[in-house]
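> Can you look at this prediction? I've put the sequence above it.
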Amino acid sequence: MTSHQDAMGAPPLEHCPLMPTYGPPTLQLVRGEGSWVWDRDGTKYLDLLSGLAVTSLGHSHPAVADALADQARTLLHVSNLFGTEPGWQVAQTLDRLLGTGQPGWPATGMRGQVFFSNSGAEANECALKLARRFGGRGRHVVVSAFGSFHGRTLATLHATGQPAKHEVFQPLPEGFRHVAWNDLDALEASLDPSVAAVLLEPVQGEGGVNPADAAYFQGVRRLCDERGILFMVDEVQTGLARCGAWFAHQVFDVEPDVVTMAKALGNGVPIGACWARTEVAAAFEPGDHATTFGGQPLATAAARAVLAVMEAEDLPARSARAGERLMAGAAALEGVAAVRGLGLLIAVELGGRESKAVAARLLELGAIVNAVTPTALRFAPSLLISDDEIDLAIDLLAKALT
Ligand SMILES: Cc1ncc(COP(=O)(O)O)c(C=O)c1O
């Protein structure tokens, strides 16, 4: 231990090698397996957050580890001037999964096309540029909701409906408008001829785990159809089996024009994707958008393995069932005022108690969650979490609340 390190091995912030964007780390983690992670001292924690809805197959899943090792030995990177098998296969699989349960979807052939990125913000950046290209000059405004979260690049930050986060970065790129969440009249009132697209999350994740009403999403679809506006759905947090369906918008029975995703796609390997209906994707021409790393074979080999496990284990059904068990268990506890969410993206409302203090107590007891609002905890565990682990999570929450 150097003189700059504390007992947990973490240096004080002023000596930290990383920029001070996150505040001091609470733990240094060294290993993970399934729903569990270990710190430097060998203490283990039940990970009920999955790196913020990323490690949906749990930590160190062997299928992903093997896919990475095999791909690294075969072809680790080529530029997007060339095609690779894993990228093409993942794009085809995503298109098929987006069609699950959608009656208008062709049985064979592609309904849409994919652009791969390295993160959720970049997937949304692609969607925002596509909306401008599709709308054409004079029709470039993107309407999103207050309370939303779409990323931290300058454009996705402006799409994010949290004005307090905008202030210190003004001026932000223009062309963004925010409306009240889950309020169809407010949205309709904002749709003038300058609007190219509406961008919404099916469940506002960072905003406090607030699911949309199905009628709201269906109403948005209708309004967008009537006016030739794109309906773009940000599934970065909700997508890929997290919410009891392949994509959370499927629960609401709507078909978006553009869908973005990221977090769970690589189970921890950085990768994002922006899917668009083929007629919409056609607005892009070669040279309009690009990335060095997005869609490279290492990341897409991981994504291919992730999707294969998700399909083999029928994770949409599993997350729906496990989510019900976790929600019912939490709702029955003294000190819990309400629970909300979809599948395994859940907020537990603590009835006015300070969520940061309860999350800190849970960490002491050996479980990781996060304080998603000042009075609510977020649970986003591995979708392969066992019933015993769910019951343990409920026991630990009960202890933390007494
Ligand atoms: C809905 C949503 N969109 C976009 C993002 C940004 O993703 P990333 O942090 O990978 O850029 C997030 C991240 O939490 C998110 O929850």
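Yep, it's here. Residues are numbered from 1 along each chain as shown.
> Could you list the contact residues of the stretch 151-300 of the chain toward the ligand?
151, 201, 205-206, 234, 236-237, 262 (Cβ under 6 Å from any ligand atom). Where you see a C-beta, it was placed from the backbone N, CA and C, and this is true even at glycine.
> Make CSV out of those residues and add neighbour count.
Output for those, formatted as CSV (neighbours: other Cβ atoms under 10 Å):
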residue, neighbour count
Gly151, 24
Glu201, 27
Gly205, 27
Glu206, 18
Asp234, 31
Val236, 29
Gln237, 27
Ala262, 28
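> from these, which is closest to Ser35?
Gln237 (18.6 Å; Cβ to Cβ).
> Surely the closest one touches Gly205?
Yes - counting by Cβ atoms under 8 Å, Gly205 is a contact partner of Gln237 at 3.8 Å.
> Tally up the residues packed near the one residue in the chain that gets nearest to the ligand, please.
Here the residue of the chain nearest the ligand is Gly120; by Cβ to the nearest ligand atom that distance is 2.4 Å. Number of residues near Gly120 (other Cβ atoms under 10 Å) recorded here: 27.
> wait, what's in contact with it?
For Gly120, the contacting residues are 151, 234, 236-237, 260-263, 272, by Cβ atoms under 8 Å, 6 or more residues apart in numbering.
> Which two among those residues are spaced furthest apart?
So, those by Cβ to Cβ: farthest apart are Gly151 and Met261, at 12.8 Å.
> Need the residues touching each of these two.
Residues touching both Gly151 and Met261 (Cβ under 8 Å, 6+ apart) are 120, 236.
> Torsion angles phi and psi at the residue of the chain closest to the ligand?
Main-chain dihedrals, Gly120, degrees, to the nearest 10: phi -70, psi -40.
> wait, what's in contact with the residue nearest to the spatial centre of the chain?
With distances taken as Cα atoms, centre = their mean, the residue of the chain nearest its centroid is Gln237 (1.5 Å). Residues near Gln237 by Cβ under 8 Å, 6+ apart: 52-53, 120, 201, 203, 205-206, 263, 345, 380.
> And Thr26, by the same measure?
Counting by Cβ under 8 Å, 6+ apart, Thr26 has contacts Leu363.
> The residue nearest to the centre of the chain in helix, strand or coil?
coil (DSSP: H, G, I helix; E, B strand; the rest coil).
> before we move on, what about Val254?
Quick answer, by three-state DSSP: Val254 is coil.
> can you tell me the helix or strand for Gln92?
According to DSSP states H and E, Gln92 maps onto helix 85-98.
> Tell me the buried residues in that helix?
Going by neighbour count (16 or more other Cβ atoms under 10 Å), the buried part of helix 85-98 is 86-87, 89-91, 93-98.
> For Ala347, give me phi and psi.
phi -110, psi 140.
> thought it was touching Gly341?
Yes - if you go by Cβ under 8 Å, Ala347 and Gly341 touch, sitting 5.7 Å apart.
> which residues do the two both contact?
Common neighbours of Ala347 and Gly341 (criterion: Cβ under 8 Å, 6+ apart): 209, 379.
> In three-state terms, how would the residue nearest to Ala359 when sequence neighbours are not counted be classified?
Among residues not flanking Ala359 along the chain, Ala371 sits closest, at 4.7 Å (Cβ to Cβ, 6 or more residues apart in numbering). Classification of Ala371 by three-state DSSP places it in strand.
> need the helices for the stretch 151-300 of the chain, in chain order.
154-159, 163-166, 184-190, 214-227, 248-251, 278-281, 297-312 (DSSP state H, counting those that start in this stretch).
> Mind putting these into TSV with mean pLDDT?
Shown next, in TSV, are the helices of the stretch 151-300 of the chain (pLDDT from 0 to 100):
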stretch	mean pLDDT
helix 154-159	98
helix 163-166	97
helix 184-190	98
helix 214-227	98
helix 248-251	97
helix 278-281	97
helix 297-312	98
